[in-house]
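Chemist: Below are the sequence and a predicted model; questions follow.
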Amino acid sequence: MKTLSAVLAAAALVIAPAAANETADHCRAYVAEHGGDASGCDCLGAAADGDAALADALAAINSPEDLEAADESTNEAIAACYPDAEQG
């Protein structure tokens, strides 16, 4: 039983960063397709780690229109990761 617990704990440590990396990778793919600055992508990945709602909201952004339609909390997370970006 201790071995199973140790394996589950190790798996949790591996899975959590993977979710953050998916968000960061999605961000980089969005920037590559639509242009912009990828410097905040790792920050967004870290913010989404442990916040499933934010991760889902960021994953739903696939176009500039999606970005424009993002809710306030998603926009706040994006702004926190891109503090030098123009707010418009």
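Modeler: Here it is on my side, so go on.
Chemist: which non-adjacent residue is nearest L54?
Modeler: The shortest distance from L54 to any non-neighbouring residue, by C-beta to C-beta, 6 or more residues apart in numbering, is to A48 (4.9 Å). For the C-beta atoms, the positions are set from N, CA and C on the backbone; glycine is no exception.
Chemist: again, but for Y82
Modeler: Leaving aside its chain neighbours, Y82 sits nearest to G40 (4.3 Å; criterion: C-beta to C-beta, 6+ apart).
Chemist: How are the helices of this protein distributed by residue range?
Modeler: Along the chain, counting by DSSP state H, helices occupy 2-34, 41-48, 52-59, 64-68, 72-81.
Chemist: export those to JSON lines and tack on mean pLDDT and mean neighbour count?
Modeler: Formatted as JSON lines, these follow (pLDDT from 0 to 100; neighbours: other C-beta atoms under 10 Å):
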{"stretch": "helix 2-34", "mean pLDDT": "64", "mean neighbour count": "13"}
{"stretch": "helix 41-48", "mean pLDDT": "96", "mean neighbour count": "21"}
{"stretch": "helix 52-59", "mean pLDDT": "96", "mean neighbour count": "16"}
{"stretch": "helix 64-68", "mean pLDDT": "96", "mean neighbour count": "12"}
{"stretch": "helix 72-81", "mean pLDDT": "97", "mean neighbour count": "15"}
